[in-house]
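K.L.:
need coordinates for the below:
(chains A and B)
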There are 2 protein chains.
Amino acid sequence: MRDVAVVGIGMNKWGELWEKDLRDLYVEAALLAIDDAGVDHIDSMYVGCMTSGLFNCQEHLGSLMADYLGVTPIPATRVESACASGGLAVRMAMMDVAAGFSDIVLAGGVEKMNDVSGDSATFALATAADQEWEAFNGITFPGLYAMMARAHMKKYGTTREQLAMVAVKNHENGLKNPLAQYHMKITVKDVIESTKVAEPLNIYDCSPITDGAAAIILTTVDIARKLKKPIIKIIGSGQATGSIALHSRKDLTSIDSTRHAAQKAYKMAGKEPKDIDLAEVHDCFTIAELIVMEELGFVDKGKSGPAVEAGETKIGGRIPINTSGGLKSKGHPVGATGVAQIYALTEQLRGDAGDHQVRGARVGLAQNMGGSGGSTVVTILEAQS
Amino acid sequence: MRDVAVVGIGMNKWGELWEKDLRDLYVEAALLAIDDAGVDHIDSMYVGCMTSGLFNCQEHLGSLMADYLGVTPIPATRVESACASGGLAVRMAMMDVAAGFSDIVLAGGVEKMNDVSGDSATFALATAADQEWEAFNGITFPGLYAMMARAHMKKYGTTREQLAMVAVKNHENGLKNPLAQYHMKITVKDVIESTKVAEPLNIYDCSPITDGAAAIILTTVDIARKLKKPIIKIIGSGQATGSIALHSRKDLTSIDSTRHAAQKAYKMAGKEPKDIDLAEVHDCFTIAELIVMEELGFVDKGKSGPAVEAGETKIGGRIPINTSGGLKSKGHPVGATGVAQIYALTEQLRGDAGDHQVRGARVGLAQNMGGSGGSTVVTILEAQS
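P.N.:
All right, here's what the predicted structure looks like:
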């Protein structure tokens, strides 16, 4: 296997982007990444997108994006793993370069969720759950994560305030990210008093509906050196599945796919949780960030709430999480999220994160998951000198 | 790179399968392939499916299928390239094994198209075209391929009867395939007098709406020998893109993505068109089989009609095409088609094709394309002694 590095990153400002369509978003981010890498061609391409069929009546994204990016006839592969589609695109691109099938590969993610063509964005997103046993019977993701939150509160004594503190921290980080959808400071009181969605989760516990894209360029470490780019190496990657439906799990407070994917990524990287300087994790709901912290081994089971309360996950804390603002404040165009996590980590590991820079950051971890945790991709990056 | 072989194949009877849902179809085919291979586990899995979001309100197929097949937490990746999704699943699985990431990989394809949840199957399929410039303005695939047919007839003198002969041949072959959707002999007169769809294409020029799945098991040649299975080696694989919209092409009678994918596959295999003993090609419409024959180099440009008329593509002819019945008679559950092509070729190269066996077949080619040719995957298999 060849060593693989991130040499280019691109992302547009996320939000409600009524004047841009799906292909505009993808091509914009892709061109930014190509420009950042300083490459004059790409050999193949991966497109992470969850449900452009339901959102935009458009499938066949490999052909569409290769065509509009002007790179036909290169191979272009669309991958889908619900909200982990972006992380999966990164992983497939890494495998493509590592194995020597391609030298320079673009991994992009995109979702255009606002001008939804079907019933509603919440309906489209619910296709990441088990349609026949969950969604068809009326439950959507806020309800699924609310059950996980209730179970975590009951089992471990996690408090309503601790959930809120995740959102408060991520919005505070997002204030410093010019590409984030929301720039607003919120308080624990704001979260607790915001509109109820599914007890105990309020609107400020939930990630938003977002249009956006992100892209990265991967190549070999050897080519990266020739390009005179900072070497941000992918040292670990893990992908795993778990039961798609919540009712099949032995424990509502665990996400097996994240634990398995993390174990594989740590093993490949030769690292342990304590070696990670910062992480971007999948905070689709505040409770998700807490459970994921535990599955990644950053804290013991049940200890995530107190860790957030103690400020351990803030910038400057023991293990800063979602310094980019996370899904909560940066936005969550589902297929783009996993790629944007790598964008954020690369910025940090290059030392280019401005006033939200984590000092001395050398090893970063991204955790991107689909649905209520039916799939996860974990990626570990390390800055090389 | 490690040498990769097909060691297991599975497929259910295709048709209007009202009593089975999407997951039933996939799991059924997957279990048949696992049983045929005689393996006791798989290391990773690929799911080819075009638009289960629009057809079945279900995305996140990696998690869903791994869960229902009982193989979590293995990595499971859903890939989409419209009607080439199955071929793409095969290609990704091949890369996975060749690179050494996994030893035993399942590639499956599935589509459940009959109990469509959205507007109509034709609408869902049109999301493989350029939504904003083609589908939204009212054209669907019969219309797109009809324009290609008209151009081919005008430029090369291809006749209405020659188009019909493609359907007649494929239905004749399908009669001998117990898993095909249709078992009926048709005549050139039947085709020409059948219901008009889009001039010059009638209903018997079009592949049907089908529920079905197919799966194969890939592993290294070394493991295949230990399993004491016939060695059907993947000696070539090519993937390419072209413009998604028909109006962007210089010539309506060419499919660039097929030509590029074939060139890559021939080069990797060290073979030429004349070395191919039989082929499964993407006859979504009769005209598609004709143009594809030319792009694959089986005949010169414009000579496909006369070649079909001369019987060159029948079983026993110079280059038998779609001995399984093709999309036309076997059916076309879009995500499954590319995997079923490998199923059909493997059966032939093992010498297990019964009364539609091509005598002495050693090298077979599969060509699977998306939309009006915006993407193509070509795979070349060879029986090893």
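K.L.:
please make it C-alpha for all contacts and neighbour counts, starting now.
P.N.:
Noted.
K.L.:
looking at chain A, which helix or strand is least sure?
P.N.:
Least confident helix or strand of chain A, by mean pLDDT, DSSP states H and E, is helix A:121-125 with a mean of 91.
K.L.:
who are the packing partners of that one?
P.N.:
Helix A:121-125 sits against helix A:52-56, with contacts defined as 3 or more Cα pairs under 8 Å, 6 or more residues apart in numbering or on different chains; DSSP states H and E.
K.L.:
buried residues in the helix it packs on?
P.N.:
A:Ser52, A:Gly53, A:Leu54, A:Phe55, A:Asn56 (16 or more other Cα atoms under 10 Å in any protein chain shown).
K.L.:
distance check, A:Gln348 against A:Gly311.
P.N.:
20 Å (Cα to Cα, to the nearest Å).
K.L.:
so for chain A, the centremost residue is which one?
P.N.:
Nearest to the geometric centre of chain A sits A:Gly338, at 3.2 Å (Cα atoms, centre = their mean).
K.L.:
give me the element it is part of.
P.N.:
helix A:334-350 (DSSP states H and E).
K.L.:
is chain B contacted by that helix?
P.N.:
No: if you take Cα under 8 Å from any Cα of the partner chain as the test, helix A:334-350 misses chain B, and the best it gets is 11.8 Å.
K.L.:
give me the next element, helix or strand, following that helix.
P.N.:
Next along from helix A:334-350, by DSSP H and E: strand A:363-370.
K.L.:
export stretch A:277-287 as PDB, just CAs?
P.N.:
Extracted in PDB, the C-alpha atoms of stretch A:277-287 (Å, rounded to 0.1, in the frame of the first residue of the first chain):
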ATOM      1  CA  ASP A 277      -5.200  16.100  19.400                       C
ATOM      2  CA  LEU A 278      -8.600  17.100  18.100                       C
ATOM      3  CA  ALA A 279     -11.700  15.500  16.500                       C
ATOM      4  CA  GLU A 280     -14.500  16.300  14.200                       C
ATOM      5  CA  VAL A 281     -17.500  14.100  15.100                       C
ATOM      6  CA  HIS A 282     -21.000  13.600  13.800                       C
ATOM      7  CA  ASP A 283     -23.100  15.800  16.100                       C
ATOM      8  CA  CYS A 284     -26.400  15.500  14.100                       C
ATOM      9  CA  PHE A 285     -28.000  15.800  17.500                       C
ATOM     10  CA  THR A 286     -26.400  16.900  20.700                       C
ATOM     11  CA  ILE A 287     -26.800  13.400  22.200                       C
END
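K.L.:
now do the contacts for whatever residue of the stretch 251-385 of chain A ends up closest to chain B.
P.N.:
Nearest to chain B in the stretch 251-385 of chain A, going by Cα to the nearest Cα, is A:Gly374, at a distance of 5.3 Å. A:Gly374 makes contact with A:Thr241, A:Gly242, A:Ser243, A:Ile244, A:Ala245, A:Ile255, A:Ser257, B:Ser63, B:Leu64, according to Cα atoms under 8 Å, 6 or more residues apart in numbering or on different chains.
K.L.:
identify the farthest-apart pair in the residues you listed.
P.N.:
A:Ile255 and B:Leu64 (15.2 Å; Cα to Cα).
K.L.:
restrict the buried residues of helix A:52-56 to those near chain B?
P.N.:
A:Gly53, A:Leu54.
K.L.:
residue boundaries of the strands in the stretch 201-350 of chain A?
P.N.:
Along the stretch 201-350 of chain A, counting by DSSP state E, counting those that start in this stretch, strands occupy A:201-202, A:211-220, A:231-241, A:278-280.
K.L.:
neighbouring contacts of the first one?
P.N.:
If I follow you right, that is strand A:201-202. Residues outside strand A:201-202 that contact it (Cα under 8 Å, 6+ apart): A:Pro142, A:Ala146, A:Val191, A:Ile192, A:Glu193, A:Ser194, A:Thr195, A:Lys196.
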